[in-house]
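Q: sequence below, structure please.
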Amino acid sequence: MADAASRLTTLAEELLGGPLPVRLRAWDGSEAGPAGGPVLIVRDRRALRRMIWKPGELGLARAWVAGELDVEGDLYGLLDRLSGLLWDRPEGTRSLLDSVRDPRLRAAARALLRLAGPLPPPKPPAEEVSGRSGSRHSKRRDKQAISHHYDVGNDFYALVLGPSMVYSCAYWTEDGTLEDAQHDKLDLIARKLNLKEGDRLLDVGCGWGSMALHAARAYGARVVGITLSREQAAFARKRIAEEGLTDRVEIRVQDYRDVPDGPYDAISSIGMAEHVGAERYREYADTLYGLLKPGGRLLNHQISRRPEPDETAYEIDPFIDAYVFPDGELAPMGRTLSTLEDAGFEVRDVEAIREHYALTLRRWVANLERDWDRAVRLTSPGRARIWRLYMAASAVSFERNRIGVNQFLAVKTQVSGKSGTALRPRVWDERA
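A: Numbers count the residues shown, from 1 in each chain. Purely as a prediction, here's the structure:
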């Protein structure tokens, strides 16, 4: 089929109601669109069939995971240009889905169908979540969701994250390394929690044990770390044993709703609350409040999203839900703060570190790209492509302020009203 790229560009612009901001290269070798930037490669017409049946982000994601779409040049630049079509369309302009449904554009849609080839669409890639059971954010379903994301091989995560094995936003200086920045983040949290020798720390969603190890090693804390991932727990226990800290750190495969042995002096929740869900978040805050002793501190490190004009219209990102964090939900920063207060906490400090996560994600993508062939061997080509796309797209989202990340320091004040917090806030900055 001659010059598929020109035909595809023309149809796309008719459907979208404006110029396509990226150059296209089609399966027949033809190219069309603006020169001088990244190129979106449509390797197979199957990609079009996926996008026709699932207009918008999920159709694009399926084609990407299957290897039917690719990028030549700067992936971040291409995602930034496409963001205007997928996420940042001005109010009043039609979305891709609306365009496909517009009766005035049915002719263009039919032409796109002819270009796409025989229907029906291909099956979704094997990496897509399937077979979810139980109600959303039940203990059973949460365990399935966590396993999907985290039980993909510790060696794969070590390749992406580096030696720190910290899977959350680092805390950067101008010339720091990823390892330095992750150490500084863990230490910042320990100082905000005012950890001291012998304090009991509960690390909710402890990952591969990095916060638990740092708190025990550097501050002498006694730590319980909980995770729903058996692979994470096995890795963390091995690290703890190798450092001779089994008398100070215990790692459990346990739901936060099942922790029986409070009170704790401090609780850290780093990148965990995104998995909890809006309908469970008050329960989560109440549970953590109940597990703290009077005067105890909570450090909640959580990704946020921008508030919607109509919050009832919020939908979970389809790509993230299908391939990355099943059932994961983001809340606006203000809602998180209000929920913590409703549970009884006094919120003493909020620190926004959005730009730090963009820097962190770009380092993780660089690690993945640098050792791409090994990453594919450790998982699958589709899984490696998922992680590259989601981390790069997330970096662009943080840079564009579509999403943010915040640290909330909250206190369970004593009956007398004492918070145990210094008169001058941010005393932890003195060691930063």
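Q: which helices and strands sit right next to the longest helix anywhere in the chain?
A: Counting residues, the longest helix found in the chain (DSSP state H) is helix 381-399. With contacts taken as 3 or more CB pairs under 8 Å, 6 or more residues apart in numbering; DSSP states H and E, helix 381-399 sits against helix 57-65, helix 75-86, helix 318-319, helix 354-370, helix 372-378, strand 403-411. C-beta coordinates here come from the backbone N, C-alpha and C atoms, glycine included.
Q: where does the closest residue in space to Ser210 that isn't next to it in sequence land in three-state SS?
A: Spatial nearest neighbour of Ser210, excluding adjacent residues (CB to CB, 6 or more residues apart in numbering): Val166 at 4.7 Å. Under DSSP: H, G, I helix; E, B strand; the rest coil, the three-state class of Val166 is coil.
Q: how about a markdown table for the helices and strands packed on helix 381-399, with mean pLDDT and distance to Tyr256 added?
A: Converted to a markdown table, the helices and strands packed on helix 381-399 look like this (pLDDT from 0 to 100; distance: least, CB to CB, whole Å):
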| stretch | mean pLDDT | distance to Tyr256 |
| --- | --- | --- |
| helix 57-65 | 92 | 30 |
| helix 75-86 | 85 | 34 |
| helix 318-319 | 89 | 27 |
| helix 354-370 | 98 | 23 |
| helix 372-378 | 96 | 29 |
| strand 403-411 | 98 | 16 |
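Q: deepest-packed of those, please.
A: Comparing these by mean neighbour count (mean count of other CB atoms under 10 Å), helix 57-65 ranks first with a mean of 24.
Q: relative to helix 381-399, how tilted is it?
A: Angle, helix 57-65 to helix 381-399, by axes from the mean of the first three to the mean of the last three CA atoms, to 10 degrees: 130 degrees.
Q: circling back to that earlier point, which residues are in contact with the longest helix of the chain?
A: 61, 64-67, 75-76, 79-80, 83, 87, 125-127, 152, 156, 160, 319-320, 323-324, 354-355, 357-358, 361-362, 364-365, 368-369, 372, 375-376, 403-405 (CB atoms under 8 Å, 6 or more residues apart in numbering).
Q: ok, Trp53 to Ile226 distance?
A: Trp53 is 41 Å from Ile226, where distance means CB to CB, to the nearest Å.
Q: neighbour count: the two, which is higher?
A: Neighbours per residue (other CB atoms under 10 Å) separate Trp53 from Ile226, with Ile226 holding more: 21 against 15.
Q: and the helices in the stretch 101-250 of the chain?
A: 106-116, 139-150, 154-161, 178-192, 210-219, 230-242 (DSSP state H, counting those that start in this stretch).
Q: coming back round to it: with distance to Leu291 added, can I get the helices and strands packed on helix 381-399 in a markdown table?
A: Compiled in a markdown table, the helices and strands packed on helix 381-399 are given as follows (distance: least, CB to CB, whole Å):
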| stretch | distance to Leu291 |
| --- | --- |
| helix 57-65 | 38 |
| helix 75-86 | 40 |
| helix 318-319 | 34 |
| helix 354-370 | 27 |
| helix 372-378 | 36 |
| strand 403-411 | 13 |
